[in-house]
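> Okay, structure incoming, though there's no sequence with it:
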């Protein structure tokens with residue numbers, strides 16, 4: 001899994017509700033493990049998740065325009081510095 005920071009085009013400031021992106025492979029894995037069947041037997045697909053990851057917190061939504069195994073995060077999602085790569 002690769003993480004990339006999303007910055008605004010001007011570089012002067014970041015306005016964000018803390019929503020990042022993840023590629024298709026990430027969501028395929030989530031759907032394989034966590035998707036559920038509705039009463040009408042159609043499978044519902046997960047397209048957004050709330051996460052906490054290495055000091056980052058926020059929503060991650062599916063984005064088909066990025067590499068399948070990437071997660072893109074926004075600077076506003078960084079809530080604290082994590083010095084431990086194993087975390």
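Happy to help now that I have it. Being a predicted model, the structure only gives us computed values, none of them experimental. Residues are numbered from 1 along each chain as shown.

> hey, where'd the helices end up in this protein?
Counting by DSSP state H, the chain has helices at residues 24-34.

> remind me which residues of it are low pLDDT?
Scanning the chain for pLDDT under 70 picks out the ranges 1-17, 36-43, 83-87.

> ranges for the strands of it?
Along the chain, the stretches classed as strands by DSSP state E are 2-5, 19-22, 48-53, 56-62, 70-73.

> Let's have those in CSV, adding mean neighbour count and distance to residue 35.
All C-beta spots, glycine's among them, are computed from the backbone N, C-alpha and C. Conversion of these to CSV gives the following (neighbours: other CB atoms under 10 Å; distance: least, CB to CB, whole Å):
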stretch, mean neighbour count, distance to residue 35
strand 2-5, 12, 24
strand 19-22, 21, 15
strand 48-53, 12, 12
strand 56-62, 18, 13
strand 70-73, 20, 19
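
> The closest residue in space to residue 58 that isn't next to it in sequence: neighbouring residues, count only.
Setting aside the residues directly before and after it, residue 58 is nearest to residue 18 in space (CB to CB, 6 or more residues apart in numbering), at 3.2 Å. Residues within reach of residue 18, counting by other CB atoms under 10 Å, total 17.

> Surely residue 18 touches residue 59?
Yes. Taking contacts as CB atoms under 8 Å, residue 18 lies within contact range of residue 59: 6.5 Å.
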